[in-house]
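Student: Got a sequence here, can you build the structure:
(one chain, ligands or ions: 1)
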Amino acid sequence: MNNDHPVFSVMIQGYWRMAEWGMTTQQHHAFLKQHIELGITTVDHAPVYGPESACERLFGDVLALDSSLREQIQIVSKCGIYRGHGNQVNHYDSSKAAILKSVDESLERLKTDHLDVLLLHRPDLLMDADEAAQAFSELKAAGKVKHFGVSNFTPAQFSLLQSRVEEPLITNQVEINPVNLQVTEDGTLEQLQQARIRPMAWSCLAKGELFSGDSEQLTRLRQTLAEVGEEIGASSIDQVVFAWVMRLPSNPLPILGSSKIERVAASVKALELSMTKEQWYRIWTASKGHGVA
Ligand code: NAP
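Tutor: Predicted coordinates:
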């Protein structure tokens with residue numbers, strides 16, 4: 001990876017649910033190798049994934065088993081969410097000390113000496129942007145993190161942090177799917193398109209709800225996704241959703257959540273699909289329950 005220009009695979013494998021997959025280290029190793037072979041070299045983690053940060057730990061076991069994989073992948077991890085213990089409530093902390101400590105702990109668990117990308121996981125209402133920027137500078141100077149970004153930030157929160165951080169923030173990782181249209185309506189994607197920054201799109205399949213939910217919206221969506229899928233030559237509705245997400249002009253990088261390599265392989269095929277504007281808006285209309293004005 002060039003130090004100044006981050007390079008990610010066009011789809012990213014998410015590891016949020018890794019601790020629930022019930023796989024051995026050897027099986028995790030096989031899964032990682034297989035998705036690398038499919039061209040998915042960027043992986044998404046966070047300290048809060050799995051109980052007691054289990055997902056970063058399990059992934060570190062894979063890298064310990066086969067250290068040659070580290071240079072073939074780009075690791076994204078995050079910081080800033082704290083699970084309250086005892087009487088404490090869950091809270092956010094983006095102070096310099098908290099960021100530095102969180103990264104050291106992630107590196108230890110992941111058994112690596114650097115993160116390719118560090119994201120502030122959620123907007124901290126008490127964030128002092130100067131402090132966060134100082135933490136980023138120190139991490140960069142120490143070679144512990146190559147690039148920085150945010151997740152779930154509003155455009156105003158993104159602009160505030162960017163105004164204090166020396167180098168360009170490289171993404172805002174946000175929920176993008178046809179069920180929840182928020183980021184298509186609140187300026188988040190426009191801000192990223194304007195700056196030519198690619199969003200990372202989480203829960204493109206609405207956490208699997210697209211397949212199982214029985215609301216009117218989800219029923220309409222499934223029907224329309226199947227109809228459009230037939231028109232564009234997709235073999236499953238997940239492929240249609242990924243094509244719908246990637247049709248957005250901000251060029252989102254979808255983060256896949258499946259544990260099944262055959263589903264990951266099917267999702268990659270979405271890269272070969274193209275969707276007309278009318279088909280895109282037909283899915284939007286199915287989500288909204290009404291057409292455009
Ligand atoms: P998702 O793709 O919306 O949902 C994945 C779930 O859907 C899995 O449980 C998967 O089960 C199921 N699924 C996939 N295809 C299916 C099918 N054809 N039929 C039935 N079920 C199907 O993604 P996600 O896991 O919610 O999120 C993806 C990644 O985004 C996470 O791993 C994480 O890295 C990231 N994320 C980030 C944030 C943030 O705040 N930054 C928040 C949430 C997630 P199988 O394993 O059985 O396929």
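
Student: Residue 108 in helix, strand or coil?
Tutor: Put simply, residue 108 is helix when judged by DSSP: H, G, I helix; E, B strand; the rest coil.

Student: Please name the nearest non-neighbouring residue to it.
Tutor: residue 60 (7.9 Å; Cβ to Cβ, 6 or more residues apart in numbering). Placement of C-beta: from N, CA and C, glycine included.

Student: does the ligand sit close to stretch 263-281?
Tutor: Yes. Applying Cβ under 6 Å from any ligand atom, one finds stretch 263-281 touching the ligand at residue 263.

Student: And for residue 276, the neighbour number?
Tutor: 12 (other Cβ atoms under 10 Å).

Student: That one and residue 190: what is the separation?
Tutor: 22 Å (Cβ to Cβ, to the nearest Å).

Student: Would you agree the residue nearest to residue 108 is in contact with residue 107?
Tutor: No. Residue 60 lies out of contact with residue 107 (Cβ atoms under 8 Å); the separation is 9.2 Å.

Student: re earlier: name the SS class of the residue nearest to residue 108, please.
Tutor: Look at residue 60: counting by three-state DSSP, its state is helix.

Student: count of residues packed around it?
Tutor: 20.

Student: Number of residues surrounding the residue of the stretch 101-250 of the chain at minimum distance from the ligand?
Tutor: Relative to the ligand, the nearest point of the stretch 101-250 of the chain is residue 208 (2.9 Å; Cβ to the nearest ligand atom). Applying the criterion other Cβ under 10 Å, we find 13 residues in the vicinity of residue 208.

Student: before we move on, what about residue 173?
Tutor: Around residue 173 there are 27 residues (other Cβ under 10 Å).

Student: Leaving out chain neighbours, which residue sits closest to residue 183?
Tutor: residue 174 (4.9 Å).

Student: element containing that neighbour, please.
Tutor: strand 172-175 (DSSP states H and E).

Student: Run through the residues that contact the residue nearest to residue 183.
Tutor: Contacts for residue 174 were tallied using Cβ atoms under 8 Å, 6 or more residues apart in numbering; they are 151-152, 183, 188, 199-202.

Student: Same question for residue 133.
Tutor: Residues near residue 133 by Cβ under 8 Å, 6+ apart: 161, 164-166.

Student: Can you list which of those residues are found in helices?
Tutor: 161, 164 (DSSP state H).

Student: Mind checking which of the contacts of residue 133 are buried?
Tutor: 161, 165 (16 or more other Cβ atoms under 10 Å).

Student: Any idea which of the contacts of residue 133 the model trusts least?
Tutor: Across the set of the contacts of residue 133, residue 166 stands lowest in pLDDT, at 93.

Student: which residues touch that one?
Tutor: 133, 136-137.

Student: Can you give the distance of stretch 72-83 from its chain's centre?
Tutor: Relative to its chain's centre, stretch 72-83 lies at 10 Å (Cα atoms, centre = their mean, to the nearest Å).

Student: does it come close to the ligand?
Tutor: No. Stretch 72-83 lies apart from the ligand when judged by Cβ under 6 Å from any ligand atom; the minimum separation is 6.7 Å.

Student: How about residue 253: what's its closest non-neighbour residue?
Tutor: Excluding the flanking residues, the one nearest residue 253 by Cβ to Cβ, 6+ apart is residue 200, at 5.0 Å.

Student: burial count for whatever residue of the stretch 1-150 of the chain ends up closest to the ligand?
Tutor: Going by Cβ to the nearest ligand atom, the ligand is nearest to residue 14 of the stretch 1-150 of the chain, at 2.2 Å. Here the count is done by other Cβ under 10 Å, and residue 14 has 25 residues near it.

Student: same deal with residue 82?
Tutor: For residue 82, the tally of surrounding residues (other Cβ under 10 Å) stands at 16.

Student: That one pairs with what?
Tutor: Residue 82 has these beta-bridge partners by DSSP bridges: residue 91.

Student: pretty sure it is in contact with residue 95, am I right?
Tutor: No. In this structure residue 82 lies outside contact range of residue 95 using Cβ under 8 Å: 11.1 Å.
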